[in-house]
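Undergrad: Sequence below, structure please.
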Amino acid sequence: MKKLFFLLIITFVSIFINAQTESLIMNNAESYIGTIDDKTKIKVGFYSVFLDKDSPETYKVNGYSDVEGTKANFSGSIILNIEKTRKSPKSNLKIYDFKFSEEGTGKHNGIFSGDMLSLSLGKLAVIGFEGKWENYEKSLKFPVYFDNSNKIMKK
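TA: Predicted structure coming up:
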């Protein structure tokens with residue numbers, strides 16, 4: 001009976017943590033702000049974030065990127081990287097791999113990929129995405145970084 005009760009508690013805690021992570025990634029429907037190519041401003045936002053029922057470490061996402069007024073919708077995934085998280089010196093840091101594929105086939109449509117870092121500091125959560133964007137033609141490739149510091153600075 002104790003094992004069943006313990007399993008039930010673990011299940012509820014897991015559901016709560018996953019819902020909390022979905023909410024954190026959504027960033028209260030506010031855009032993440034950053035740069036692409038180390039100089040051009042980019043905004044990234046999410047329309048939806050949900051846990052993949054077949055893979056408890058995977059979040060499926062739909063969102064958009066906005067580079068100087070040029071907006072592209074994307075879909076993709078954010079996957080908890082257990083190995084990188086385990087090797088992290090901070091116990092409150094989680095490291096995820098992300099990959100977002102933009103809709104469209106033009107020269108300025110492509111794939112975002114890299115690491116998402118989530119650092120929880122009590123009620124404050126800092127989330128940053130760092131990686132690259134590469135167009136489908138493989139003729140353009142830029143470093144990209146965006147985070148939720150604009151939201152944190154408001155508090």
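Undergrad: residue ranges with poor pLDDT in this protein?
TA: Across the chain, the stretches falling below the confidence threshold (pLDDT under 70) are 1-19, 151-155.
Undergrad: can you give me the helices for it?
TA: Using DSSP state H, the helices of the chain run over residues 2-26, 82-87, 149-154.
Undergrad: elements contacting the second one?
TA: Same thing as helix 82-87. Contacts defined by 3 or more CB pairs under 8 Å, 6 or more residues apart in numbering; DSSP states H and E place helix 82-87 against strand 93-102. Bear in mind the C-beta positions are built from the backbone N, C-alpha and C, glycine included.
Undergrad: what's the strand it packs on in contact with?
TA: Contacts of strand 93-102 with the rest of the structure, by CB atoms under 8 Å, 6 or more residues apart in numbering, involve 59, 61, 63, 65, 72-81, 84-85, 88, 109-120, 129, 131.
Undergrad: Return the subset of these lying in strands.
TA: Here DSSP state E is the test, and these give 59, 61, 63, 65, 72-80, 110-120, 129, 131 as lying in strands.
Undergrad: Kindly write the ChimeraX command that selects the buried subset of the contacts of strand 93-102.
TA: Selecting only the buried members of the contacts of strand 93-102 in ChimeraX, with burial defined as 16 or more other CB atoms under 10 Å, works like this:
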select :59,61,63,65,72,74,76,77,78,79,80,81,85,109,110,111,112,113,114,116,117,118,120,129,131
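Undergrad: Show me what Ser118 is bridged to.
TA: Assessed by DSSP bridges, Ser118 has beta-bridge partners Lys94, Ile127.
Undergrad: Enumerate every residue touching it.
TA: Ser118 is in contact with 21, 24, 93-96, 125-127, counting by CB under 8 Å, 6+ apart.
Undergrad: cool, Tyr136 as well?
TA: With contact taken as CB under 8 Å, 6+ apart, Tyr136 is in contact with 105, 109-111.
Undergrad: ok, it to Gly63 distance?
TA: According to CB to CB, to the nearest Å, Tyr136 stands 18 Å off from Gly63.
Undergrad: How about Phe46, nearest residue that isn't a chain neighbour?
TA: Taking CB to CB, 6 or more residues apart in numbering, and ignoring the residues beside it in sequence, Phe46 has Gly63 as its nearest neighbour in space, at 4.0 Å.
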